[in-house]
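Chemist: Sequence below, structure please.
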Amino acid sequence: LVGGSLLGTTEQLLDAATAVAELAPCDCQGALDFWPASAARFSRLCASNSLDGHQLLQVLAACAAWEQRCGPVETVAQRSSGGAWGHLLRSLGGRLSDSRHMDQLSLQEVVKVARCAGALADQQPRLAATVG
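Modeler: Purely as a prediction, here's the structure:
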């Protein structure tokens with residue numbers, strides 16, 4: 001898997017996102033290059049309903065872990081003007097707000113969704129309403 005390119009499977013991309021979020025140095029250029037490319041791919045997977053509730057949670061958790069450790073990938077202006085990271089976070093929130101995905105999760109996983117969403121700089125009002 002090279003960045004978030006089309007090489008590799010969805011599971012490999014999910015594992016790579018988790019590893020980068022938890023282990024990569026915050027100033028590592030490879031990690032910084034990984035997020036925009038992988039965010040675009042994850043957004044496409046969200047749009048095509050190719051991720052189940054557990055996979056959506058795994059992506060959300062990786063995004064939250066990176067932001068907590070290293071800060072946001074994009075500025076607020078970039079996020080609101082169509083940046084890949086902001087688009088991904090909105091896509092994840094929208095998909096997880098759908099009861100088809102939320103119903104796949106255990107109570108502990110729903111709590112994790114709430115914690116991860118709360119850790120992100122982006123507001124997720126629809127997701128908060130669904131969790132609530």
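
Chemist: buried residues in the helix or strand hosting Val20?
Modeler: Element membership for Val20 (DSSP states H and E) is helix 10-23. Of the residues in helix 10-23, Leu13, Leu14, Ala16, Ala17, Thr18, Val20, Ala21 count as buried by neighbour count, 16 or more other CB atoms under 10 Å. The way it works is simple: take the backbone N, C-alpha and C, and place the C-beta from them, glycine included.

Chemist: and if you look at stretch 85-102?
Modeler: 85-97, 101-102.

Chemist: quick one: which of these is nearest Leu57?
Modeler: Closest approach to Leu57 among these (CB to CB): Leu96, at 7.2 Å.

Chemist: Quick check: His54 vs Cys28, distance?
Modeler: 28 Å (CB to CB, to the nearest Å).

Chemist: Please list the outside residues in contact with the helix holding Val20.
Modeler: The contact list for helix 10-23, computed with CB atoms under 8 Å, 6 or more residues apart in numbering, reads 1, 4, 8, 31, 34-35, 38, 41-42, 45, 50-51, 55, 58-59, 61-63, 65-66, 69.
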